[in-house]
Every structure is written in C-alpha cells, then in structure tokens.
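Peer 1: Please find the sequence and the predicted model below.
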There are 2 protein chains.
Amino acid sequence: MDAAQINQVRRFNRTVTERVGVLHDHYLGRDRPIGEARLLWEIGEQGQDVRRLRERLGLDSGYVSRMLRSLEADGLVTVEPQPRDKRVRTVRLTDAGRTERAVLNGRSDELAGSLLEPLNTAQRTRLVAAMAEVDRLLTAATVTLDALDPDHPDARHCLRCYAGELQERFETGFDPARSLLPDAGELRSPHGLFLVARLHGEPVGCAGLKLPPGVPAEIKRMWVAPHVRGLGVARRILAELEARAAQHGHDVVRLDTNRALTDAIALYHSCGFSEVAAFNDEPYAHHWFEKRIAKQA
Amino acid sequence: MDAAQINQVRRFNRTVTERVGVLHDHYLGRDRPIGEARLLWEIGEQGQDVRRLRERLGLDSGYVSRMLRSLEADGLVTVEPQPRDKRVRTVRLTDAGRTERAVLNGRSDELAGSLLEPLNTAQRTRLVAAMAEVDRLLTAATVTLDALDPDHPDARHCLRCYAGELQERFETGFDPARSLLPDAGELRSPHGLFLVARLHGEPVGCAGLKLPPGVPAEIKRMWVAPHVRGLGVARRILAELEARAAQHGHDVVRLDTNRALTDAIALYHSCGFSEVAAFNDEPYAHHWFEKRIAKQA
DNA sequence: GCCATTACCTGACTAGAGTCAGAGAATGGA
DNA sequence: TCCATTCTCTGACTCTAGTCAGGTAATGGC
C-alpha cells in the first residue's frame, strides 16, 4: 500500500479523533454516560431486541443489561419479553426516553454546527462534500462478505428481497416458479456457494454461484439493498465470485439478466463482461454475459 | 446553517467515531493506556516542557504528572528541570521510549492500512483525497483568532518570524530600522490592535491594524506560518480585521506590500482589494491596496 | 419429558480517565 | 527581603467502561 496514502489516513485519524471524537463525547455525555447515550440512540423509535443492541454496539451482555436497568430506573425505557420467544426481551423508549433522545439529537446538531461555524460558505460546502465521500467509502469498507448456507436467515432475507424487487421491476412481474432458479442445493458446497454481504451485521446484498464441473461457473440471484447502492458492494461481490470460481478451476463465469435491470447491465459491462448469445432458456432473461477469468486450480 | 449540511456532518461523525475512533484506541492501547500513548506521541523526538504537554492535550496537571511518573518508571522518558527556570520541567524520550513510540507508529500504520485494505485502487485514491480535504478544513476550523497585546509572547513570536521571512524573501533583505513599521503603541488600544491566529495553542499567524481617526485603517505586518498556508487563515484574518475596522467607524482599509510577496498580492486581489497609488513612502513597498468596507459605528 | 442451548440477568471485579485540594520549590516584582 | 505567582507533584477521590463467572428461565430437538 502507498506510504503517502497511509500517511494521509493517519493525519486524518489524528485530526478527526481529536476534533470530532472528543467533542462528540463531551457534547453527548454532558449529563449521562456515553454508553447509555449510545444505547438510547440505538434503541430508536420503534424499539429493539436486547440481543440486537448488544450486537450493534459490540458490548458485553452483562454490561448492556446493567445500563438498561439504569435507563429503566430513570424511566426512559421499558423492557418486556417478546410474546413469541419469552427469552428475548424488547426495549422501547418511553415518552421521557423520546424526549431525552431528542435532547441528544440536539447536542449532535450543535456539534455539527460548531464544526462548520468557523468556515465560510465555500469551505463549508467543500467540507460537507468531502465528509460525505469519506462517510460513503468508510461505510463501503465495513461491508463484509461471507459464504453462507442459502438457508441461513440472512441469506433467506436477501432472497426474499431479491424476489420482491424483481416482482416490482420486471415489466411482467416475477413468478419464481416460472424461472430457472437454482434450488438451494445447487448453491451449496460442493455444487456452488452463496455469498452474503453484511453491513453492521445486517444483510445488505447477496449472490449465488453455481460451479458445475466442466462448464462455466454461473452467477445467480445477485442483489444489493437499495440503501447501500453506490458503495461498490456489487463490484466487490462480483470480484469475490470471480476469485472463488477461479479457485474451483473455472476460467469463465457467466450470467443472464432482464432488460429492466439497466444498472446491473451497466455494471456487468464495466466489470469486463461481454454480451454473448443465449446459453439457457430462462424466460425472464433478455441479456446473457460472460467473462474469461484466470484459472487458479 | 443548512440542515442538510448539519445532517451530513452528523452522519460523518457517527461513521468516523465508530470506525476510526474505536479502532484507534484499540490499536494504540493494546499494552498501554491511551493516555500514556498520546503523551508519548506528543513528547516528540526533541522533548517537551510539561506545561506544553498539558496544554496540548488539555489535561489536568496532576494527571499528566502521574502519567509521566509511570512512563519514567518504565524507563521510557526522563524528566529534568529546565536550566533557565527550574520550576519548568522538560520531558525527553529515552532510547526505549523512542522504540515504544515507533511501535505505536507502526500500529497507527496498521490501522490506516486496515481502513484502505477492503477498497479497490480507485476507491482508495478517492478516500485519501477526501480525507485530506476534511483534515485540511477541520484544521482550518480550529484556528482561533484573538486580539493580543503586541508584547504578548505569542505576538512577539509571530513578529520575529515575520521579520525573518521578509529578510529572506525581499530581494534587498529587510532591515526593520529602515521600514515604516509602527511601534507597538500604534497596534494597541485605542490606536489600533494586533491579531494573533493560533492552532492548538501555538501562534501561526498575525496582523496589526492601525486605526487613526479620520483616515483609512491600515493593515500592517500580516504573516501566516508556512505550515498552515492554504487553510484560509490569511483570508480569515483579513475578514476579521475588516470587521473590526468597520466597528471602529472606518469605511476604508488599506495596506502596502512588497513585489516579492506574490501570494499576498494575489490574496489581496481575490479578497476585493484594488491597487491604488502610493499613500506612503514605505521604502520596501511596491504595491498599495485599498478596500471599501461597510462602516458600522 | 429430558437436556443442551439460548437469552438475559446479577454480583464481584479491574483498570483507565480524570478531578480536586493542597504542598513545596522556584521566580519575579515591589 | 517579602510575597504573590507559577509550575509541578502527591494523595485521596469519583465515575465510566468493561470483563468474567455463574445463575435462571424459556426453547427446541430428540
């Protein structure tokens, strides 16, 4: 990696942790420990399961429990067992909790204002644009890619979203029964694999890869959640699938797609795929692509 | 202030404190409290006075003292009284301290690397550029501007640098005795004022303003430290001086400058000053500028 | 119905970060 | 020379943040 780049990142880290980090804690934690403030924020308007909070904040279960007791004692939250599974408990904000949360939001605004305040208009615009870029790219960098079983809850979530979106976008709607969708077995070792992209632990994208011996690998059911589009997640998924296909001894990957998915088609072109004649009779496909890759095994 | 801007800044703060802040502490503090790590970093290669460390890090004197004892016990630093003023003590890194500091640096590199690692080349370039911009502008926003007495140590420091730089840049060198430099009294209330720009408590720029009744206000001895040029400090100083001149009932500010100071001349042009005929016989001046401002008092 | 597992809670800790009130030495100005 | 001030240090605190080792109730597969 480029030393000058590393250096710039380090300077950025120092400036930002000093300026933002310190202020952040100061503003937020004025009359409440930051731990609790973060918790209050993370609970959100509709409430959250305790396990989810723990996961999101990466904290010890005992620790979260204790903080919840404290918030409860202050009358800011209520904690109740879920009706379906009484082991799991759900935290909800009370009215007082909502008020407190609004106060924290106000502080957060103050802080943001204090960063912009000394700058002139042109500088503000540039700072905000640069922050948006950093935000976007750092978020992109936290997306993780894992091969999961297609029956894993996160995988199923993605597949449901995938089908839902096709139903909406295809001119003719989408009926899974009519499509050449692979069954789960085909996307599971040794016949293939299923990749799930996650951001902060939540599934935000997926793609399946069929690895039939002797013929090209095939990408199926690729999907990226609308709110993370533009972060390069699809590109990363493609690159990862190509690498895995190569590891399994394939030197060509191919895929089919529907003409309604214009953004996907543009992506395939820009990632080095070329359009080829139909290699299957998928009723929902209008375009077929393939890409030659460097075989590895 | 624009709500959309505030919002973007808040998102940035959240992403960055989570991603950078947390990691930062984790990496750095692996076998040493972050307080001490920061201290070790701030001491630097040539050593520092204790009071300076305290100032820079904004910490309680007792707290710093205790940390220094701990670093001393580990053989990483030595603390000795200054020869000139034995109340002040100077901290210096030992060889072991230097080694430890290098380790911390290495960690910092690792962290920077880990932020870039998941991204592709184009994304890395963009992230680094955006970080540089944020860094630059946040730094610019922390520069403070205060009116000080021209005899204040920070003011004197700036004036020494100012004279030194002119000596270097003017074709003919610079001899203060030959110049029409105002004496300190002229840059002190009620005859004028002296502005010092500081970054993290260190003086990084200055300018004097003469406020003679009935005639235009005059800007003298404007200087910005080389390492903060490009942050818009000079522009901020000018704006502040104009505002103060207006408050004192002036509607014109003027200044003279030497042809060697091309960057300054460009600045005056871009800030709305226009070149006028010589209004004094300053031997070192080649250009004279003035700007009409909105009178306020 | 049994038993491993899961989700949460409690109690007992540790360590880091920071504050506050003095004490003592050195300095500088009247 | 005296006295207020400056600079640093020490001791005695407080408060968060976080860890670890059980313990209890609910759940789900056999």
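Peer 2: Happy to help now that I have it. As the structure is a prediction and not an experimental result, all values here were calculated from the model. Residues are numbered from 1 along each chain as shown, chains lettered A, B, ... in the order given.
Peer 1: Quick check: residues of the stretch 1-150 of chain A near DNA strand D?
Peer 2: Counting by CB under 7 Å from any atom of the strand, the stretch 1-150 of chain A comes close to DNA strand D at A:29, A:33-36, A:59-63, A:66, A:84-87. Bear in mind the C-beta positions are built from the backbone N, C-alpha and C, glycine included.
Peer 1: so which of these also contact chain B?
Peer 2: Residues of these in contact with chain B (CB under 8 Å from any CB of the partner chain): none.
Peer 1: What about those residues, which one has the most neighbours?
Peer 2: In terms of neighbours by other CB atoms under 10 Å in any protein chain shown, those top out with A:Glu36 at 21 neighbours.
Peer 1: residue contacts, the most centrally placed residue in chain A?
Peer 2: Chain A has A:Leu199 as the residue nearest its centroid, 3.3 Å off, counting by CA atoms, centre = their mean. A:Leu199 makes contacts with A:139, A:142-144, A:228, as judged by CB atoms under 8 Å, 6 or more residues apart in numbering or on different chains.
Peer 1: In helices, which of these fall?
Peer 2: A:139, A:142 (DSSP state H).
Peer 1: pull the helix or strand with minimum mean pLDDT from chain A.
Peer 2: None of the helices or strands of chain A scores lower by mean pLDDT, DSSP states H and E than helix A:22-28, at a mean of 69.
Peer 1: tell me the mean pLDDT for the following helix or strand past it?
Peer 2: Using DSSP states H and E, the helix or strand that follows helix A:22-28 in sequence is helix A:34-43. What helix A:34-43 shows for mean pLDDT is 88.
Peer 1: just how off-centre is the following helix or strand past helix A:34-43 within its chain?
Peer 2: Counting by DSSP H and E, the next helix or strand C-terminal to helix A:34-43 is strand A:48-49. Mean C-alpha position of strand A:48-49 versus that of the full chain (CA atoms, centre = their mean, to the nearest Å) differs by 19 Å.
Peer 1: Going by contacts, tell me the helices and strands next to strand A:48-49.
Peer 2: Using 3 or more CB pairs under 8 Å, 6 or more residues apart in numbering or on different chains; DSSP states H and E, the elements in contact with strand A:48-49 are strand A:89-93.
Peer 1: Dump stretch A:152-169 to CSV, restricted to CA.
Peer 2: Below are the C-alpha coordinates for stretch A:152-169, written out as CSV (Å, rounded to 0.1, in the frame of the first residue of the first chain):
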residue,chain,number,x,y,z
HIS,A,152,-29.2,-19.1,6.7
PRO,A,153,-31.7,-16.4,8.0
ASP,A,154,-29.6,-13.7,6.4
ALA,A,155,-29.4,-15.5,3.1
ARG,A,156,-33.2,-16.1,3.1
HIS,A,157,-33.8,-12.4,3.9
CYS,A,158,-31.7,-11.4,0.9
LEU,A,159,-33.5,-13.8,-1.3
ARG,A,160,-36.9,-12.6,-0.2
CYS,A,161,-35.8,-9.0,-1.0
TYR,A,162,-34.4,-10.2,-4.3
ALA,A,163,-37.7,-11.8,-5.4
GLY,A,164,-39.7,-8.8,-4.2
GLU,A,165,-37.6,-6.4,-6.2
LEU,A,166,-37.8,-8.4,-9.4
GLN,A,167,-41.6,-8.7,-9.0
GLU,A,168,-41.7,-4.9,-8.9
ARG,A,169,-39.2,-4.1,-11.6
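Peer 1: ok, back up a step: closest to B:Pro216 among the contacts of A:Leu199?
Peer 2: Nearest to B:Pro216, judged by CB to CB, of these is A:Thr139 at 52.7 Å.
Peer 1: so the closest one touches B:Thr15, yeah?
Peer 2: Yes: counting by CB atoms under 8 Å, A:Thr139 touches B:Thr15, with 6.0 Å between them.
Peer 1: quick one: is stretch A:31-47 near DNA strand C?
Peer 2: No: judged by CB under 7 Å from any atom of the strand, stretch A:31-47 makes no contact with DNA strand C; its nearest approach is 10.4 Å.
Peer 1: residues in contact with A:Ala225?
Peer 2: By CB under 8 Å, 6+ apart, the residues touching A:Ala225 are A:161, A:203-205.
Peer 1: So which of those belong to helices?
Peer 2: Within those, residues falling in helices by DSSP H are A:Cys161.
Peer 1: With respect to pLDDT, which of the contacts of A:Ala225 ranks lowest?
Peer 2: A:Pro203 (89).
Peer 1: List the contacts of that residue.
Peer 2: By CB under 8 Å, 6+ apart, the contact list for A:Pro203 reads A:154-155, A:157-158, A:196-197, A:225.
Peer 1: before we move on, what about A:Leu53?
Peer 2: Contacts for A:Leu53 (CB under 8 Å, 6+ apart) come out as A:39, A:42-43, A:59, A:64, A:91.
Peer 1: Generate JSON lines for those, with distance to B:Lys291 as supplementary columns.
Peer 2: Formatted as JSON lines, the contacts of A:Leu53 follow (distance: CB to CB, whole Å):
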{"residue": "A:Leu39", "distance to B:Lys291": "54"}
{"residue": "A:Glu42", "distance to B:Lys291": "52"}
{"residue": "A:Ile43", "distance to B:Lys291": "55"}
{"residue": "A:Leu59", "distance to B:Lys291": "57"}
{"residue": "A:Val64", "distance to B:Lys291": "60"}
{"residue": "A:Val91", "distance to B:Lys291": "60"}
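Peer 1: so which of those residues comes closest to DNA strand C?
Peer 2: The shortest gap between DNA strand C and any of the contacts of A:Leu53 belongs to A:Val64, at 6.4 Å (CB to the nearest atom of the strand).
Peer 1: just checking, that closest one touches A:Arg56?
Peer 2: No: A:Val64 lies out of contact with A:Arg56 (CB under 8 Å); the separation is 10.2 Å.
Peer 1: Looking at those two, which is more packed in?
Peer 2: When A:Val64 and A:Arg56 are compared for neighbours, A:Val64 comes out ahead with 19 against 15, by other CB under 10 Å.
Peer 1: hang on, A:His200 packs against A:Arg56?
Peer 2: Yes: the pair A:His200 / A:Arg56 is scored as a contact, 6.3 Å apart, by CB under 8 Å.
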